[in-house]
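**Student:** here is a sequence together with a model predicted from it:
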Amino acid sequence: MTRWSKYLAFVRIAAREANEQRGEMLGRVAFFGVILGVFSALWAAAAKTGIGFDLQTRHRMVWYLAATEWIVLSVPMLHITIQEDVRRGDIVYQMGRPVSYVGVVLARGLGQLCVRSPWMGAAAFLWAFLFSGAPPNLRATLTMVPLGFLAANLLCVVYVLVGLTAFWLHEVNGVYWVTQKLTFILGGLMLPLSFYPAWLRDLARATPFSNILEGPAALLASSPPWSAGELLLRLLAWGGAFVALAFWMLRHAARTIEPGGG
């Protein structure tokens with residue numbers, strides 16, 4: 001069995017496990033509906049005031065939020081997996097495998113994404129259609145889907161980086177909390193960054209977070225910050241840099257590992 005076929009085996013195993021977690025999936029779908037329903041009603045009320053927010057803007061914002069939430073809700077919590085492996089000392093034995101530990105975690109993340117993403121994508125389309133009608137631009141929607149899936153993979157790599165801090169911190173919840181809030185704010189989870197003050201918008205678009213959320217979702221809005229081709233290159237560049245960083249962190253952390261844990 002080649003190295004790549006071994007990683008593919010982990011992808012298949014993770015996909016099968018994710019497919020069996022129907023209860024969790026349905027819970028995410030229901031939560032998705034609540035979030036989109038609340039903000040749809042909020043934006044409808046804002047549109048009725050006629051103050052810088054009309055029904056057309058509300059329509060675009062519902063679909064924008066559906067896209068960003070689709071990406072966020074599809075991503076598995078890989079940092080928890082790494083944290084528990086480090087805490088139990090299982091990491092020592094897993095690193096002895098003839099495959100990379102980081103590669104295995106990313107493969108398992110991809111397997112889970114391959115199951116979660118279609119479910120959450122169907123939920124995004126269903127809820128957005130029910131609350132707001134047809135998508136603003138069907139062609140842009142079809143373009144957004146593969147880019148959104150790639151962005152979700154990049155967010156997986158970000159969570160792997162968060163999880164690898166467990167080698168030094170043992171508890172990664174604080175790092176995850178900060179990373180999550182940066183993703184939401186600098187990524188433009190609720191609103192496109194075009195609504196932000198200029199200084200904050202420029203700062204956010206210099207980070208990977210805007211590529212993960214606003215980049216794909218803004219294709220559904222009137223003025224995306226980047227073309228689909230440029231966004232693809234940005235996602236690949238950030239992804240390559242973060243994967244390289246993850247492998248570097250693992251090699252550096254290996255020096256701190258003691259047999260039996262720690």
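**Tutor:** Sure thing, it's come through.
**Student:** from the contact counts, what lies against the helix or strand containing Ala30?
**Tutor:** Using DSSP states H and E, Ala30 sits in helix 22-49. Packing partners of helix 22-49 (3 or more Cβ pairs under 8 Å, 6 or more residues apart in numbering; DSSP states H and E): helix 55-74, helix 101-132. For the C-beta atoms, the positions are set from N, CA and C on the backbone; glycine is no exception.
**Student:** angle of it against helix 55-74?
**Tutor:** Orientation note: helix 22-49 sits at an angle of 160 degrees relative to helix 55-74 (axes from the mean of the first three to the mean of the last three Cα atoms, to 10 degrees).
**Student:** how far away from the center of its chain is helix 22-49?
**Tutor:** The chain centre lies 18 Å from the centre of helix 22-49; the measure is Cα atoms, centre = their mean, to the nearest Å.
**Student:** before we move on, what about stretch 229-241?
**Tutor:** 14 Å.
**Student:** how close does the nearest residue to Ile82 once chain neighbours are set aside get to Ala14?
**Tutor:** Excluding the flanking residues, the one nearest Ile82 by Cβ to Cβ, 6 or more residues apart in numbering is Gly163, at 3.0 Å. Between Gly163 and Ala14 the distance is 15 Å, computed by Cβ to Cβ, to the nearest Å.
**Student:** these two: which is more packed in?
**Tutor:** Shown here are Gly163 and Ala14; by other Cβ atoms under 10 Å, Gly163 has more neighbours (26 against 22).
**Student:** for the more buried one, give me the pLDDT.
**Tutor:** Note on Gly163: pLDDT of 94.
**Student:** what of Glu258?
**Tutor:** So, for Glu258, pLDDT stands at 52.
**Student:** just Ser222 next, same as before
**Tutor:** At Ser222, the pLDDT value in this model is 66.
**Student:** ok, back up a step: list the buried residues for the helix holding Ala30?
**Tutor:** By neighbour count, with 16 or more other Cβ atoms under 10 Å as the criterion, the buried positions of helix 22-49 are Met25, Arg28, Val29, Phe32, Ile35, Leu36, Phe39, Ser40, Trp43, Ala44, Ala46, Ala47.
**Student:** again, but for stretch 144-161
**Tutor:** Residues 144-145, 147-161 are the ones in stretch 144-161 that count as buried (16+ other Cβ under 10 Å).
**Student:** nearest spatial neighbour of Arg108, chain-adjacent residues omitted?
**Tutor:** In space, Arg108 is closest to Ala14, 4.0 Å off (Cβ to Cβ, 6+ apart).
**Student:** I should have written Glu84 there, sorry.
**Tutor:** Leaving aside its chain neighbours, Glu84 sits nearest to Asp90 (7.8 Å; criterion: Cβ to Cβ, 6+ apart).
**Student:** state the distance from the one you found to Phe10.
**Tutor:** Applying Cβ to Cβ to Asp90 and Phe10 gives a distance of 15 Å.
**Student:** quick one, which of these two is more surrounded?
**Tutor:** It is Phe10, of Asp90 and Phe10, that has more neighbours when counted by other Cβ under 10 Å, with 19 against 12.
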